[in-house]
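Participant: Got a sequence here, can you build the structure:
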Amino acid sequence: MPRIEVSIIQNDCTSCGECPEIAPRHFFMDKDYIAHVKQDSKTDPNTPEFTGLMGKVLVAQELEGDVIEAAELCPGRCIYVEEVGNEAIAM
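Facilitator: The predicted structure follows:
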């Protein structure tokens with residue numbers, strides 16, 4: 001089954017704050033209220049791992065629906081979801 005990766009173009013972020021509300025394990029807002037994508041953070045969602053500009057993160061399978069919803073509702077259309085191959089990657 002294909003998996004998805006997510007990335008954000010921060011320059012297009014409108015600072016609405018929807019993405020971390022919908023999928024907090026994969027999104028957070030920085031001190032300037034710009035959205036970032038983070039690695040799946042089950043243990044400490046308040047200490048995200050930065051991935052850099054356009055950093056792609058493999059989405060935890062159980063959260064794919066939330067990440068897709070966040071991308072669909074993003075007013076800046078800055079969240080990009082991309083299907084990747086069938087390789088198994090441990091989370």
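Participant: So in that sheet, which strands flank the worst-scoring helix or strand of the chain on mean pLDDT, and in what orientation?
Facilitator: Taking mean pLDDT, DSSP states H and E as the measure, the chain has strand 57-58 as its least confident helix or strand, at a mean of 81. The partner list of strand 57-58 in its sheet, established with DSSP bridges, is strand 3-8 (antiparallel).
Participant: Next, the angle strand 3-8 makes with the helix or strand residue 65 falls within.
Facilitator: Using DSSP states H and E, residue 65 sits within helix 64-73. For helix 64-73 against strand 3-8, the angle by axes from the mean of the first three to the mean of the last three C-alpha atoms, to 10 degrees is 40 degrees.
Participant: After helix 64-73, heading C-terminal, what element do we hit next?
Facilitator: Downstream of helix 64-73 (by DSSP H and E), the next one is strand 79-84.
Participant: That next one: partners in the sheet, and parallel or antiparallel?
Facilitator: Strand 79-84 pairs in its sheet with strand 3-8 (antiparallel), by DSSP bridges.
Participant: Quick one: list the elements packing against whichever helix or strand comes after the strand it pairs with.
Facilitator: Remark: after strand 3-8, the chain's next helix or strand is helix 18-22, criterion DSSP H and E. Packing partners of helix 18-22 (3 or more C-beta pairs under 8 Å, 6 or more residues apart in numbering; DSSP states H and E): strand 27-29, helix 64-73. (Glycine included, C-beta is placed from N, CA and C.)
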